[in-house]
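K.L.:
kindly return the folded structure for what I paste below:
(2 chains)
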Amino acid sequence: MNILLMGNPNVGKSVIFSRLTGVKVVASNYPGTTVGYTHGYMKLGEETVEVTDVPGTYTLEPTSEAEEVAARMLDSGDVVINVIDATNLERNLYLTLQILERNIPVIVALNMWDDTEHLGIHIDLDMLRELLGVPVIPTVAVTAQGIKELVESIPGAASPETLVRSSDERWAAVGQITEKVQQIVHRHHTWRERLGDASVRPLTGSLIALVIIAAAFTVIRLIGESLIGYALDPLFENLWAPVMLRLSDLMGGGGFFHDVLVGKLIGGEIHFVESLGLLTTGLYVPFAMVLPYIVSFYLVLGLLEDFGYLPRLAVLMDTIMHRLGLHGYAIIPSMLGLGCNVPAILATRILESKRERFIAATLISIAIPCAALQAMIVGLVGRHGVQYVAIVFGTLFIVWIVLGLILNRFTRGLSPELLIEIPPYRIPPWRTVSQKLWMRTYGFLKEAVPIILGAVLVINILYVLGVFDAIADFTAPVITGLLGLPKEAVTAIVVGFLRKDVALGLLAPLSLSANQLVIGSVVLAMFFPCIATYVVLLRELGVKNLLKASGIMVVAALLVGGLLNLILQ
Amino acid sequence: MPDAKHVPLSRMEAGQSGIVVQIQGGQGMINRLGALGIRPGRRVTKVGSMFMRGPVTVQVGNARVAIGFGMAKRIVVDLG
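P.N.:
Residues are numbered from 1 along each chain as shown, chains lettered A, B, ... in the order given. Now for the predicted structure:
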């Protein structure tokens, strides 16, 4: 049996989904479409049944690709749990009637039930059950209220005789139902609503954005630096380094296997960034340099997402984003890109047109450094002073704007206008915040750490084979002539294909000046994205547009690197 | 002027409320707006708009919807 969770966007489907299926969630992508959905399993009596979290949709009439997918998925379901936002009954019921017209058994979860009370909304549940002819269960997904009843009523899902209506007739029917079951008492605005409305007005909105962004940066840095300074650095330096020195002794202090495992000793000591052994650099980079920032970044991002701030930032940024050929909502994939470019490029699917998706994905992969690379930039460039870090990020920001202006000018097609629902501000439920943080952190550990270890191994082998020397001689005119870097810096760009964090670490032993390090960081950030991003880009853009994007990357990286070289040196 | 009380959503003042009377657009735009609850006969209250022809935010029912300026220009509201 396959149970579909369907409903308008942002009504709490995914929270109900995780309540029903527990933590055993398998994420998968629907092949060849623009929208992802998630599968899980739950126990129903003795039986294990499949539950599918269908992307949110307002209607089954195909006004967008996402809605087409949702409509098609209806055919694969046996029961629909239609999740409804109880505070927006009328709009939500439109989809309910459409689903009922498809003659599939339905139960309705009237979610956010707790919010109706303080909003002065009263809903007559018995009347609603009678009029719809299906079970209606009030739920509060974030506190699990009503979930048990919801599960128990799945066998009672009903498919009442429903006539197929036109859109206008359906809205009329929805209006009649709402009229009968819902009473609204006038009430005063809450502070959250006032704050919510203030953030979509120009003056207050800009102020709020400045405060939130400043606070976000401060908290990310504070948590990241504290984790490194007080926990991970001491752990590696005081506990792990002696173990490694001991191992180095046991392995005779040198040789290929020694260098692969422990790395090269520098002045008789382990240097966690430069030694380049699997057990030294291979562990230190992901766990002590990158992980702390991954945790702190995704904690803050998760809070902003769950609070409901990002759509408001989209409204604020809309005018600016239009100049870049995008609309405000593109700020959401861009923000995700500051964590990792892979989910960011997947998230460009929320944009309606191909043109927007091309511009957004290209801008993200060129000008938005992921958290791993940022952590390394802060860690390595930051040693020379915070102003150099500022130059790196400032340059990338300017590149984002200028490249956006250029792409907007020369990319064919139309960019549609913004049209989004702005959710109310909510106090982030710690359960969803912590679950999301764990999933994203685990995703980093599972996907990035093996590639980092692989990259360290490959670097060692290529060094021994002398491949890097050959490449370095070949590319010297560009690397040294154009960018003003020592020719060996090309190793970083090559390794950047695998992982940018390890790649930036390769610049550390070259004793670069602060300005050279700035140029290296910017070029590395802008040049080809890492392989994981590349694969997603290929899938999302197709071969032709990927080649186009790649061309833009190379030209932009060399141009900006060359310019920086002229200005700084 | 067909009717002095009929104004585009983009020109309403923040806090003003009225009934949508017409959406001057193709079926695609009418459907997209309709799905979000903005269709003729519905009461909308303007929450605010962003500077430099930025999006217009309205309250409709209990939901808030942000609408691009160009689209907001083509939604006619009766201030009645």
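K.L.:
count of residues packed around residue 37?
P.N.:
Assuming you mean chain A. Look at A:Tyr37: counted by other Cβ atoms under 10 Å in any protein chain shown, it has 19 neighbours. C-beta coordinates here come from the backbone N, C-alpha and C atoms, glycine included.
K.L.:
that's the wrong chain, I wanted chain B
P.N.:
23.
K.L.:
over to it. Which of the three states is it?
P.N.:
coil (DSSP: H, G, I helix; E, B strand; the rest coil).
K.L.:
find me the pLDDT at it, would you?
P.N.:
At B:Gly37, the model reports a pLDDT of 90.
K.L.:
buried stuff in the helix or strand A:Tyr463 falls within?
P.N.:
Secondary structure from DSSP states H and E places A:Tyr463 in helix A:430-465. The neighbour-count check on helix A:430-465 (16 or more other Cβ atoms under 10 Å in any protein chain shown) flags A:432-433, A:435-437, A:440, A:443-444, A:448-449, A:451-453, A:455-456, A:459-460, A:462 as buried.
K.L.:
helices or strands next to the helix or strand that that helix is followed by in the packing?
P.N.:
Sequence order places helix A:467-476 as the next helix or strand after helix A:430-465, per DSSP H and E. Using 3 or more Cβ pairs under 8 Å, 6 or more residues apart in numbering or on different chains; DSSP states H and E, the elements in contact with helix A:467-476 are helix A:490-495.
K.L.:
which strands or helices does the helix it packs on pack on?
P.N.:
Counting contacts by 3+ Cβ pairs under 8 Å, 6+ apart, helix A:490-495 is packed against helix A:430-465, helix A:467-476, helix A:500-505, helix A:514-526.
K.L.:
residue closest to the middle of chain A?
P.N.:
In chain A, the residue lying closest to the centroid (Cα atoms, centre = their mean) is A:Leu336, at 3.8 Å.
K.L.:
the nearest residue to it once chain neighbours are set aside: what's it in contact with?
P.N.:
Counting by Cβ to Cβ, 6 or more residues apart in numbering or on different chains, A:Ala344 is the residue found nearest to A:Leu336 once chain neighbours are left out, at 4.1 Å. A:Ala344 sits next to A:333-334, A:336-337, A:364, A:368 when contact means Cβ atoms under 8 Å, 6 or more residues apart in numbering or on different chains.
K.L.:
again, 7 Å this time
P.N.:
Residues in contact with A:Ala344 (Cβ atoms under 7 Å, 6 or more residues apart in numbering or on different chains) are A:333, A:336-337, A:364.
K.L.:
okay, the residues you listed in TSV with distance to A:Val200, pLDDT and secondary structure next?
P.N.:
Output for those, formatted as TSV (distance: Cβ to Cβ, whole Å; pLDDT from 0 to 100; DSSP: H, G, I helix; E, B strand; the rest coil):
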residue	distance to A:Val200	pLDDT	secondary structure
A:Pro333	20	89	helix
A:Leu336	21	88	helix
A:Gly337	24	93	helix
A:Ile364	25	97	helix
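K.L.:
could you pull up the mean pLDDT of stretch A:121-136?
P.N.:
95.
K.L.:
got the contact list for it?
P.N.:
Residues contacting stretch A:121-136 (Cβ under 7 Å, 6+ apart): A:86-87, A:89, A:96, A:106-108, A:110, A:116, A:138, A:153, A:156-158, A:160, A:177, A:180-184.
K.L.:
these in helices, which ones?
P.N.:
Those of these mapping onto helices are A:89, A:96, A:116, A:177, A:180-181, per DSSP state H.
K.L.:
which of the residues you listed lies closest to chain B?
P.N.:
Minimum distance to chain B across these is 8.3 Å, recorded for A:Leu89 (Cβ to the nearest Cβ).
K.L.:
re the thing from before, so who does the residue nearest to the centre of chain A touch?
P.N.:
Contacts for A:Leu336 were tallied using Cβ under 7 Å, 6+ apart; they are A:343-344, A:347.
K.L.:
circling back: biggest separation within the contacts of A:Ala344, which pair?
P.N.:
Largest separation among those by Cβ to Cβ: A:Leu336 and A:Ile364, giving 8.5 Å.
K.L.:
so A:Tyr94, which state does it fall into?
P.N.:
helix.
K.L.:
quick one: the residue nearest to it when sequence neighbours are not counted and chain B, what's the gap?
P.N.:
Counting by Cβ to Cβ, 6+ apart, A:Tyr94 lies nearest to A:Val174, which is 5.3 Å off, once chain neighbours are set aside. Applying Cβ to the nearest Cβ, to the nearest Å, the value for A:Val174 to chain B is 10 Å.
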